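**Q** I would like the atomic coordinates for the input below:
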Amino acid sequence: MSELNVYEIFKSIQGESSYTGVICSFVRLSKCNLNCLWCDTKYALEEGTARSLDQIVNEVKRHNTSVVEVTGGEPLIQEDTPILCRRFLDLNYTVLVETNGSRDISVLPEGCRRIVDVKCPSSGMAGSFLESNCRFLTPSDELKYVISNRSDFDWALSHLSERNLQTISKIIFSPNTSMLPAAELASMILETNAPVRLGIQLHKVLWGKKRGV
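**A** Prediction:
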């Protein structure tokens, strides 16, 4: 029987991506293959609870939502994650998958909306992005760069422009607010006319660092 290691399942307001503000169910899987210096979900690196796909799907059904996000940790290090996503798609959910960009996104079934991180230098994980993923990006996918300073900003602009990624998928620049106020990132975007969207973690604006929201 297929199982996944789950840290938590909860219902909240989507705080990131182009779905910001929408009611959403979250399935947070455990463990990650990266170790970003500023990671805000280090608790999900801990061992979670093994749960069957039926258990996961049934708990999400009780939320009475139409959007579900599978996140982590890093969801793509668990081989049954694509099967879970297919289950949700077959139930007519809008399925978002947030991944750190280091794993092959083509394993996910068609119809998933992939939110793919590109790690900037301040993360300590620059270079982890799997370049072959660029071939699989679609207009429904999103690339997210977390920006801590001007160096990150310039690096991210170069990264996306060299690959022409802004013509393929939505691009989101999100501030690491422990190091860069959102207003400063907004000023950089305006100054350069960067072809990106400003992403602010709405759930942190609403609830701070509280978990499970």
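**Q** which residue is nearest the middle of the protein?
**A** Taking C-alpha atoms, centre = their mean, the centroid of the chain lies closest to residue 98, which sits 2.9 Å from it.
**Q** name the single longest strand found in the protein.
**A** If you go by DSSP state E, the chain has its longest strand at strand 3-13.
**Q** packing partners of the helix or strand where the residue nearest to the centre of the chain lies?
**A** Per DSSP states H and E, residue 98 falls inside strand 94-99. Helices and strands touching strand 94-99, as assessed by 3 or more C-beta pairs under 8 Å, 6 or more residues apart in numbering; DSSP states H and E, comprise strand 67-71, helix 81-90, strand 113-117. (Glycine included, C-beta is placed from N, CA and C.)
**Q** who is the residue nearest to the centre of the chain paired with across the strands?
**A** residue 115 (DSSP bridges).
**Q** shouldn't it be in contact with residue 75?
**A** Yes. In terms of C-beta atoms under 8 Å, residue 98 counts as a neighbour of residue 75; the distance is 7.4 Å.
**Q** residue 46 - how many residues pack around it?
**A** Neighbour count for residue 46, taken as other C-beta atoms under 10 Å: 10.
**Q** next one: it from residue 69, what distance?
**A** For residue 46, the distance to residue 69 (C-beta to C-beta, to the nearest Å) stands at 20 Å.
**Q** related to what we said a few turns ago, and the residue nearest to the centre of the chain, what does it touch?
**A** Shown in contact with residue 98 (C-beta atoms under 8 Å, 6 or more residues apart in numbering): 16, 17, 69, 70, 71, 72, 75, 115, 117.
**Q** appreciated, that's everything.
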